[in-house]
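A.B. asks: Would you be able to build a 3D model of this:
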Amino acid sequence: MIHRWMAQAYYAVRMPGALSYIREADRLYHGSRETLMAYQEEKYRKLVTYAYQHTVYYRRVFDEIDLFRNGVLVEDRLPEIPVLTKETLRQEQKNLMSDEMAKRKPYSASTSGSTGMPLTLWYDQHYLVRNRADKCFMGWLNGRNLGDKELKMWFRDFDLYLKNGKNKDRFFNFFTNRTFRLASEISEDAVRDYIDTINRTKPVQIWSNPAPIFEIAKYVLSHGTAIHRPVNIILTSNPLYDEMRETMMKAFPGTYIVDQYGGTEFGCVACGVHNEKNLRIFEHSARVEIRDEEGQLHRDGTGDIIITGLNNYSMPLIRYRMGDVVTVEPYGHEKEGSFGSISQVMGRRLSMLRRRDGSSVTGLHLRDLLTRPFIQTFQLVQHSYDDLEALVVLSGEPEQYRAELDSIARRLEKILDTKCRFTFCETIPAEKTGKYLYVRSELE
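C.D. replies: From the prediction side, this is the model:
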């Protein structure tokens, strides 16, 4: 009970408004669909109006479609708002920033760049509070109360994690009862260590990407190893395939295996509830549309997912194309609640590269090694166990960065037990699917 009081006190003092937003989300989820949609549309109109009044880009674009007349929103013109692409975001970054951003306690973050080069985005305290609240609400929907023990198993290099100022999260971890565990390795020794961590901390909730949990589940089933069963395991950043889910459910009987979809741009967009395969869209925080092959926008169907984040006023992203193909189901078949659902997410698959001993390394961990200021973009391709190629687009001549490139090659050789060769390119083409992969393995 004391941990719940500490967590509530933390959010009340450090994130004022977060607890009320969780309660608001819960009220909307358990209310009527009509109430939720009215709430969403009101937030959408408010964001559109603010963007017109405070950003250069949206004033120009909205004037082109005559969305405002004498300063008044013409709602019949809302469907004419064009889709915002990553290329436009990159070109218009300054023009997308609010002229009030300086007084909104802004902060920045970069996308992973899994569909192209990384993008720098800006947020504010208003967004931060609601994003943290939605992360809590994911756990809330799946049996975790504030303050219940959480284990976050993540793939970032911990030294880099601390260097970038994330040591402030130690304060957050203490008050919210969260333990952080680096989980970028998938060797058998690492898996045994992860199991020891789970058994020692006994979390109610585990937050991870699927790869280490999948390897843990396979090890538990093949060795008959005893393991603590949390109430839920929330999985994000990589696709959760049916085989992986089924294996995890066997290794963790009674645990909710929860998939989550989102991104740096918007935080949580959708997540599973209990063991449903469909993901429930967080429609109180995001407005989701689907663009079909003809370019038409719909509220359901299969196509490019187009998202409006309803909580970020420092850099509003209205009708933003994420780069994923998804299927949004028509509302009405959900087991409970007013939130609509996504039944399938395709795209942005980050591979895992394999070692000769059969172990794997997550693509997200390897991506960090090549995320450097002088590397504009890259792709790491494993052609065979003896042929690892790094395609890179540099911001200058290769000889300028020879020492740094040699250092990267040595680290890759140590991790994968194979030499890495660099190929310098002007551009790196996308896959046939239209997706860009940082890491790709050609091994069977």
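A.B. asks: Am I right that residue 189 falls within a strand?
C.D. replies: No - using DSSP: H, G, I helix; E, B strand; the rest coil, the assignment for residue 189 is helix, not a strand.
A.B. asks: What distance do you get for it to residue 195?
C.D. replies: From residue 189 across to residue 195, the span is 11 Å (C-beta to C-beta, to the nearest Å). The way it works is simple: take the backbone N, C-alpha and C, and place the C-beta from them, glycine included.
A.B. asks: Between the two, point out the one with more neighbours.
C.D. replies: residue 195 (18 against 9; other C-beta atoms under 10 Å).
A.B. asks: so where does that one fall, helix or strand?
C.D. replies: Here residue 195 is covered by helix 188-201, with elements defined by DSSP states H and E.
A.B. asks: Could you pull out the buried residues of that helix?
C.D. replies: Counting neighbours by 16 or more other C-beta atoms under 10 Å, one finds that the buried residues in helix 188-201 are 190, 191, 194, 195, 197, 198, 201.
A.B. asks: Among the residues you listed, name the least confidently predicted one.
C.D. replies: Looking at these by pLDDT, the weakest one is residue 190, with 86.
A.B. asks: In contact with that one, which residues?
C.D. replies: Each residue near residue 190 by C-beta atoms under 8 Å, 6 or more residues apart in numbering is listed here: 183, 212.
A.B. asks: domain parsing for the protein?
C.D. replies: Annotated domains of the chain cover 1-349, 352-441 [automatic domain parsing].
A.B. asks: and the ones you listed, which one's lowest on average pLDDT?
C.D. replies: Among these, domain 352-441 carries the lowest mean pLDDT, at a mean of 80.
A.B. asks: from the middle of its chain, how far away would that domain be?
C.D. replies: Distance of domain 352-441 from its chain centroid, counting by C-alpha atoms, centre = their mean, to the nearest Å, is 22 Å.
A.B. asks: Show me what the helix or strand encompassing residue 61 is in contact with.
C.D. replies: Using DSSP H and E, residue 61 maps to helix 56-64. Residues outside helix 56-64 that contact it (C-beta under 8 Å, 6+ apart) are 48, 51-53, 68, 81-82, 92, 94-96, 316, 318.
A.B. asks: quick one: buried residues of that helix?
C.D. replies: Buried positions in helix 56-64, judged by neighbour count with 16+ other C-beta under 10 Å: 57, 58, 59, 61, 62.
A.B. asks: Specify the local secondary structure of residue 443.
C.D. replies: Under the three-state scheme (three-state DSSP), residue 443 adopts coil.
A.B. asks: returning to what we had before: deepest-packed of the domains of the chain, please.
C.D. replies: Neighbour counts (mean count of other C-beta atoms under 10 Å) averaged over each of the domains of the chain peak at domain 1-349, with a mean of 18.
A.B. asks: what's the spacing between that one and its chain's center?
C.D. replies: 6 Å.
A.B. asks: longest helix of this structure?
C.D. replies: Ranked by residue count and defined by DSSP state H, the top helix of the chain is helix 33-54.
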